[in-house]
Each structure stands twice: as structure tokens, then as C-alpha cells.
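> sequence plus the predicted model coming up.
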Protein chains: 2
Amino acid sequence: MQESWIRNERLSSQVAFLVEIDKLKSVLRKTFIMDRSRLENTAEHSWHVSLLAVVLLEHANDPSLDLNRVICMLLLHDIVEIDAGDTFAYDTEGYLDKEERENAAARRLFGMLPDDQQGEWMELWREFEDGVTHESKYAAALDRLQPVIHNYYTGGVSWRNNGIVRSQVLKRLAPVKEVSETLWQFTNDILQRSIDQGILLDDPIAKEG
Amino acid sequence: MQESWIRNERLSSQVAFLVEIDKLKSVLRKTFIMDRSRLENTAEHSWHVSLLAVVLLEHANDPSLDLNRVICMLLLHDIVEIDAGDTFAYDTEGYLDKEERENAAARRLFGMLPDDQQGEWMELWREFEDGVTHESKYAAALDRLQPVIHNYYTGGVSWRNNGIVRSQVLKRLAPVKEVSETLWQFTNDILQRSIDQGILLDDPIAKEG
Ligand SMILES: [Ca+2]
């Protein structure tokens, strides 16, 4: 989208980008909003998980981490879904070409911004994907914890629809263990309660041969 | 909601709060999302306007302002709408008791958090509402600019549905003038284009007596 009527050239690119990312409001996830009336979209998910990061910071083993960087990562990391779609956390086939699809999406979408900003955003997005820094680990932990809370409070509908078992969720939630003892305890408790309530399947017990 | 099974008392309050604010995803605004398929909800609006703040920071007259504080304000300032509802920007009657309704909402909602956090969040929310600091002025400017961009790109549907004229929008957008010359120029240009395209009404010319 060319916006030649915008007199400031940088602003013209930025407005085009900000209009384009509105499409994230129409990307649907597998989780339901708490009242179960509809699926959650990725834009409102990004808002919610950013607030989780703010509210739960004290539980991070390293509470001195750069919260601003965490929030920026959480606000932007899912924008690639506009082109690449939401890949369900437990979709092994979808994960095969996820990286390729999302790299192309990041180049197109962040490429709408002026060069210096494109560079910064690509860097933030890669930092989140790589998950090496404290900030990206904390951000990823919350991004994975949020749908578990949603599943618990919506009767496990997304788990049950997709036949998910405890070990799959625990594996997916591994980043939580690394960033917070309190949140890892909470994760284990909420999964045990979900199993006790019959809304999450436990793993089948291995049969003796 | 009592969550007595959560072993950490602070976490228990925080989770209850984070579940409660999910309701913001069901609060509808008067603006449409860009593809005009439905009204925008306040949670996704909060995400969008937070990213406007990040992307457009360079245009602020004072680009040294505390971006983290700006984003936190934008992420939380509309949470009161869960109880108080979205008051349309041009609804003079709704504005009469808006402050009272929103104060009660802030007390109930932020009151779900541990005391120290409640204090911090009330302070951030009041700072936004008071609009005295540089951070709150910049945040407010973007919060008001975002629906104008939406209106322009959706054929002015929300303006036309509500019979809004240019001077009303300009009055509402006054905070933009204070924080950024570039964004104020943009505001005037986008309104002029909207009038030229017939999607915003100009003010009636005063008749001579
Ligand atoms: Ca995510």
C-alpha cells in the first residue's frame, strides 16, 4: 500500500505497516476466550500475554530482566502469523515448515518499516525465536502458560478437541521450569487438577512386555 | 473467584485478575477492524495502540520519554471498561458519569491484585487519566489517533453512523498537537482527505445574521 499523501516518508511506511498488522485481529487460535463464546484471535492474545508478563514479573528467578524488551517481543512476535497462520502448538507436521513460512512473513511484514526499524524488529523477533536470552525465555514461558490457563478455565476444550495428553503439555511448557520455580509449581498443579477433573488426559501407562 | 489451590498467595490473586481481564475481549468499541467484518474489541485495540506507541516514538517532540511506562499505561488503561463499558468518544451524555463509573471499576478490578501492585496500577491508570506527564500525553495522543486511522481506512463508517463532523474530531485529537508536529500534520491531512472523499462531514459554515 502506497500512501503518497503522507508527507513524512518514514511515517508513510509506518502507517502502512500499522494498517497491515490489523489483520492479526482475524487470525484465530485454537484456544477459546474464557466465556467459551468464540476462539481467541492472536491480537488479543498478544495483549493478554503482555499483561501476564507485567503482572507476574516478580516470580521470575531473575526479576531484574528488561521488562520493556519482554513486552515489545510479546507484542510483535506473533505478527508473522498474518502470513504464516497460527501453527497449533501440538501440530508436528505444521512445525516442519513453520520456520521457513515465518521467516518469509517476517521479511515481508517487518520489511514494510523503514530500514533501521526493520532491523530492530527482525532482531527482536529472532531473539524471541532463538530463546537464548533471559528476556526471550521469560517471554516464551508466558506465551506458553497463557493457553494452559485458558484451557483450564474453559474445561480443556482445546486439549480435548485435539486429544492432547499431559506429557505433551509438560514438554511444551519446559521454558517455564527454567524461568520460575513458582510458575513451574503452578504449571504442575494446574495440570494435575485438569487431569483430576477429567479435562486433560494423562499419559497411557506403559504396558509391561 | 477464590483460587485456594494455588499455593502462592500472591500468584493466586494475580491469576484471578488475569482471568477476569479476559472479559475485555468481549467489550466492543464503535470502530470496525480494517476489513469492516466486525466491530473492534477493546483488548485487540489495546494491543494495536501499544504497537503504534512503539513504532511512532521517533515522531514525539520528546523522544526520550519512558516507553515502558507508555506501553504499560496503554495495556491497562482500558481494563476499566469491563465494568464501565466503552464510552463513545463523542457521547457527551455518557461522559457525565464516566469518571465515577471508571473509578469504581478501577477499584474493583485493580483491587483483585496484591496491595502493592494495586497501588502501582491505580497510579498508572490515574496518570493516564490525568494526562499531565509527557508519557500520559503521548499515550493519549495515540489512543485517539488510532480510531481516526481506522475510520479513514474503513470509509468513515463509525463517523457516518454517528454524524460526527470535523471540529469534533479535531477537538478530540488535541493531545496529538501537543506531543508531535509530524503527527499533528498527519492528523489534519487525514481529516482533510476524509472530507474530500465524503466520509467525514465538514462543519456547517456559520450563517451571517
Ligand atoms: Ca504467542
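Here it is on my side, so go on. Not measured: the values here are computed from a predicted model.

> so which residue is smack in the middle of chain A?
Within chain A, the residue whose C-alpha comes closest to the C-alpha centroid is A:Asp143; the distance, by C-alpha atoms, centre = their mean, is 4.1 Å.

> quick check: the residue lying closest to it once chain neighbours are set aside vs A:Ala139, distance?
Closest residue in space to A:Asp143, ignoring its immediate chain neighbours: A:Val49 at 5.4 Å, by C-beta to C-beta, 6 or more residues apart in numbering or on different chains. The C-beta positions use only the backbone N, C-alpha and C, and glycine is treated the same way. To A:Ala139, A:Val49 is 8 Å away according to C-beta to C-beta, to the nearest Å.

> that older thread, so what does the host helix or strand of the residue nearest to A:Asp143 touch, helix or strand wise?
Secondary structure from DSSP states H and E places A:Val49 in helix A:42-55. Helices and strands touching helix A:42-55, as assessed by 3 or more C-beta pairs under 8 Å, 6 or more residues apart in numbering or on different chains; DSSP states H and E, comprise strand A:28-32, helix A:67-76, helix A:134-153, helix B:9-20, helix B:42-55, helix B:67-76.

> circling back: so between A:Val49 and A:Ala139, which is more surrounded?
The residue with the greater number of neighbours, taking A:Val49 and A:Ala139 and applying other C-beta atoms under 10 Å in any protein chain shown, is A:Ala139; the counts read 29 against 23.

> thinking that one is in contact with A:Cys72, fair?
No: shown here, A:Ala139 and A:Cys72 do not form a contact pair, counting by C-beta atoms under 8 Å, at 9.3 Å.

> so which bits of the helix holding A:Val49 are buried?
Residues A:42-55 are the ones in helix A:42-55 that count as buried (16 or more other C-beta atoms under 10 Å in any protein chain shown).

> go on, stretch A:154-173?
Across stretch A:154-173, burial judged by 16+ other C-beta under 10 Å covers A:Thr154, A:Gly156, A:Ser158, A:Trp159, A:Ile164, A:Arg166, A:Gln168, A:Val169, A:Arg172, A:Leu173.

> dump stretch A:57-70 to CSV, restricted to CA.
Taking Å, rounded to 0.1, in the frame of the first residue of the first chain, the C-alpha atoms of stretch A:57-70 are listed here in CSV:
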residue,chain,number,x,y,z
LEU,A,57,7.4,-10.5,36.8
GLU,A,58,8.1,-10.9,40.5
HIS,A,59,8.0,-14.7,40.0
ALA,A,60,10.9,-14.7,37.5
ASN,A,61,14.1,-16.2,39.0
ASP,A,62,15.8,-13.2,37.5
PRO,A,63,13.3,-10.3,38.2
SER,A,64,15.9,-7.8,37.0
LEU,A,65,15.3,-8.6,33.4
ASP,A,66,14.4,-5.8,30.9
LEU,A,67,10.6,-5.7,31.0
ASN,A,68,10.3,-3.3,28.1
ARG,A,69,12.2,-5.7,25.9
VAL,A,70,10.0,-8.6,27.0
